[in-house]
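Peer 1: coords please:
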Amino acid sequence: MRVIKSGSGAQAWSIKAKCTGKGNRGGGCGAQLSVEAGDLFRTFSSHYDGSSETYVTFECPECKVWTDLENKDRPPNSGKLPNKTTWDNRQKRLARKAKKEDSQ
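Peer 2: Coordinates of the predicted model:
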């Protein structure tokens, strides 16, 4: 494919965030991160009264601690983000693909 006329230069969603461990027992390393939608996954908590909550979470690449984003910081359509298991599987596929491309 080739570009006939350049577009508006729209950027994908991203936010600057700090690794704090918020919502996940703390322990974050304080790294300042540029978090993109592909870095996010949904996490859940269930309560004794039968209610549950959904969170939008990222994993710090330095210390592996999870941090929940504030509701106001969530990307549009955050309800369509993968759960952690699906996100992990996607990360593994991307790593294998990158490794394969590097070896060629």
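Peer 1: Is residue 55 in a helix, a strand, or coil?
Peer 2: Local secondary structure at residue 55 is given as strand here, using DSSP: H, G, I helix; E, B strand; the rest coil.
Peer 1: what ranges do the helices span in the protein?
Peer 2: When secondary structure is read from DSSP state H, the chain shows helices at 84-103.
Peer 1: Can you find the helix or strand of it with the lowest average pLDDT?
Peer 2: The least trusted helix or strand in the chain, going by mean pLDDT, DSSP states H and E, turns out to be helix 84-103, with a mean of 90.
Peer 1: Quick one: residues in contact with that one.
Peer 2: Contacts to helix 84-103, defined as CB atoms under 8 Å, 6 or more residues apart in numbering, come from residues 40-43, 57, 81-82. To be clear about C-beta, it is placed using only N, CA and C from the backbone, and glycine gets the same treatment.
Peer 1: hmm, 10 Å instead?
Peer 2: Defining contact as CB atoms under 10 Å, 6 or more residues apart in numbering, one finds that helix 84-103 is touched by 38-44, 57-59, 66, 81-82.
Peer 1: Number of residues surrounding the nearest residue to residue 32 once chain neighbours are set aside?
Peer 2: Spatial nearest neighbour of residue 32, chain neighbours left out: residue 18 (5.8 Å); criterion: CB to CB, 6 or more residues apart in numbering. Residue 18 sits with 14 neighbouring residues when counted by other CB atoms under 10 Å.
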